[in-house]
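Visitor: dropping the sequence and predicted coords here.
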Amino acid sequence: MNSTAQLLLRQTLSFHSSLSIGGASREQIYRHKSSYSSLQGLTLRYDTPIAPLLRSSSRIQLFSSRCIPKEKIADGFDSDRSFTNLPESDQVLIEKGNSFLEILKGSNSILPQVVLASTILALVYPPSFTWFTSRYYAPALGFLMFAVGVNSSESDFIEAFNRPAAIFAGYIGQFVVKPLLGYLFGTISMILLRLPTSLGAGIMLTACVSGAQLSNYATFLTDPQMAPLSIVMTSLSTASAVFVTPILSLLLIGKRLPVDVIGMVSSITQIVMVPIAAGLLLNRFLPRLSAAIRPFLPPLSVIVTALCVGAPLAINIQSVMSSFGASVLLLVVAFHLSAFVAGYFLGGVAFSNAHDVKALQRTLSYETGMQSSLLALALANKFFKDPLVGVPPAISVVIMSLMGFSLVMLWSSKRKDVPV
């Protein structure tokens, strides 16, 4: 690029920055209009290296959406002038690139269907998932946590922390209401149904882990404005799970089966805290790299989730299909159903006067009813010798996902007719 092009580019970027930060007068707009037109001409004449800069989707967004408010554009010049004059082949490439990125980013929309398909495939043909053994659970969960970190930012947390009462209610749902329900149904399994103690311990362990990242996605699909709040709720429960989950496990299960508290703290730190921190740091200090890999995380997360749903079911298929399998299935269903309902009514009681009470109720329902069953399964496989402890978490992965996304479809359809 020659010196004239560089000068014009710097002037235009500087002008656009003044628009986005403090605004500009009509006189400033017309004064810079000639520079903008000249730069536009240079864009057409010089194929390199300025053209790739302006053709990239990030630069298009910089010029058209971030830097120049629509009302400012209307006063001065048309925002589309610099790109409507691009050669048709370049416009097609831009449209194809954006379409491909949108497909990647939107792959999460098929997650409910993928969860259902994985469940059916695991039941019909278990070998399709049995290769994904328990040693892969921790890395898979770590990848999902890393994806959450990459897609999070400081602004999400700042905005959500303006509602401390809602965050506290979500925490109560996660680590008070849900563990009590787990203890109730675990006790029922051992005393009333006479099931093995390890199965009751598995139900209790499932109730002691932190919130599931799937609850954030379910909230986004139902109430997008509540997604940051859901992320904060899940992040807080995940962070404190390092200490809370081992303590709850000791209180609820310790008298029945030995619990390695120190080992659990170490494992949760490695599986949860380190990947989330790595994602946040990457997003903060290497934004270009983070932006480059972010579109590929949704499809990879869908694949990993499918494996994490199908593999536990396929590996434990004999236990699930055994004489006590139906009883465990009913108990897990009852546990999650009670948790979803309890979270919904908790939101209604605590925030009855809020203008968005229904959205809060749905968010708290997801947070209380959906927990990181994969984490419970990883802990069960590592810290309990009896393999039956892992059966309830394995079933919970499937039931939690199916019930959660069923509520997404139900509530999303109702919101089209009834305002929040």
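Guide: Great, that's in hand. Numbers count the residues shown, from 1 in each chain.
Visitor: state the distance from the nearest residue to A342 once chain neighbours are set aside to A169.
Guide: Of all residues not flanking A342 in the chain, V177 sits nearest, at 5.1 Å (C-beta to C-beta, 6 or more residues apart in numbering). For glycine as for every other residue, the C-beta is placed from the backbone atoms N, C-alpha and C. According to C-beta to C-beta, to the nearest Å, V177 and A169 sit 10 Å apart.
Visitor: so those two - more neighbours on which side?
Guide: Set V177 next to A169 and count neighbours by other C-beta atoms under 10 Å: A169 wins out with 24 against 20.
Visitor: looking at it, that one is touching Y344, isn't it?
Guide: No. Using C-beta atoms under 8 Å as the test, A169 is too far from Y344 to be in contact (11.6 Å).
Visitor: now the stretch 101-250 of the chain, which segments are flagged as low pLDDT?
Guide: 101-109, 153-154, 156-157 (pLDDT under 70).
Visitor: ok, which stretches of it are helices?
Guide: In the stretch 101-250 of the chain, the helices defined using DSSP state H, counting those that start in this stretch lie at 111-124, 127-130, 137-150, 154-160, 164-172, 178-191, 197-208, 213-222, 227-253.
Visitor: can I get the CA coordinates of the shortest one in CSV?
Guide: Read that as helix 127-130. Output of helix 127-130 as CSV, limited to C-alpha atoms (Å, rounded to 0.1, in the frame of the first residue of the first chain):
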residue,chain,number,x,y,z
PRO,A,127,-20.8,-50.1,20.3
SER,A,128,-21.2,-46.8,18.5
PHE,A,129,-20.3,-45.1,21.8
THR,A,130,-18.5,-47.7,23.9
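Visitor: that one - contacts with which helices or strands?
Guide: helix 111-124, helix 297-315 (3 or more C-beta pairs under 8 Å, 6 or more residues apart in numbering; DSSP states H and E).
Visitor: export those helices as a markdown table, with columns for distance to V242.
Guide: Below are these laid out as a markdown table (distance: least, C-beta to C-beta, whole Å):
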| stretch | distance to V242 |
| --- | --- |
| helix 111-124 | 27 |
| helix 297-315 | 21 |
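Visitor: most tightly surrounded among the ones you listed?
Guide: Counting by mean count of other C-beta atoms under 10 Å, helix 297-315 has the highest mean neighbour count of the helices and strands packed on helix 127-130, with a mean of 22.
Visitor: immediately after it, which helix or strand?
Guide: Downstream of helix 297-315, the first helix or strand assigned by DSSP states H and E is helix 317-320.
Visitor: from N151, how far off is Y125?
Guide: 33 Å.
Visitor: give me phi/psi at Q371?
Guide: phi -130, psi 170 (degrees, to the nearest 10).
Visitor: is it true that it touches V397?
Guide: No. Counting by C-beta under 8 Å, Q371 stays clear of V397, with 10.1 Å between them.
Visitor: and the helices of the stretch 101-250 of the chain, which is most packed in?
Guide: Stretch with highest mean neighbour count among these: helix 197-208 (a mean of 28; mean count of other C-beta under 10 Å).
Visitor: which elements pack onto that one?
Guide: helix 178-191, helix 227-253, helix 325-350, helix 373-383, helix 391-415.
Visitor: got the angle for the first one vs helix 164-172?
Guide: On the basis of axes from the mean of the first three to the mean of the last three C-alpha atoms, to 10 degrees, helix 178-191 is oriented at 20 degrees to helix 164-172.
Visitor: domain parsing for the chain?
Guide: 3-86, 109-415 (automatic domain parsing).
Visitor: for the helices of the stretch 101-250 of the chain, which one sits closest to L410?
Guide: Closest of the helices of the stretch 101-250 of the chain to L410 is helix 213-222, at 9.2 Å (criterion: C-beta to C-beta).
Visitor: who's in contact with the closest one?
Guide: When contacts are defined by C-beta atoms under 8 Å, 6 or more residues apart in numbering, helix 213-222 is touched by residues 108-109, 111, 144-145, 147-148, 226-227, 229-231, 234, 305, 362-363, 366-367, 369-370, 372, 400-401, 404-405, 407-408, 411-412, 415.
Visitor: quick one: contacts for the residue nearest to I172 when sequence neighbours are not counted?
Guide: Leaving aside its chain neighbours, I172 sits nearest to L346 (7.2 Å; criterion: C-beta to C-beta, 6+ apart). Residues in contact with L346, defined by C-beta under 8 Å, 6+ apart, are A169, I172, G173, V177, L364, T368.
Visitor: coming back round to it: and the helices and strands packed on helix 127-130: which comes nearest R288?
Guide: helix 297-315 (15.4 Å).
Visitor: who are the packing partners of that closest one?
Guide: So helix 297-315, by 3+ C-beta pairs under 8 Å, 6+ apart, packs with helix 88-105, helix 111-124, helix 127-130, helix 137-150, helix 373-383, helix 391-415.
Visitor: save those as JSON lines, and put in distance to P287 too.
Guide: Output for the helices and strands packed on helix 297-315, formatted as JSON lines (distance: least, C-beta to C-beta, whole Å):
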{"stretch": "helix 88-105", "distance to P287": "16"}
{"stretch": "helix 111-124", "distance to P287": "26"}
{"stretch": "helix 127-130", "distance to P287": "36"}
{"stretch": "helix 137-150", "distance to P287": "10"}
{"stretch": "helix 373-383", "distance to P287": "29"}
{"stretch": "helix 391-415", "distance to P287": "31"}
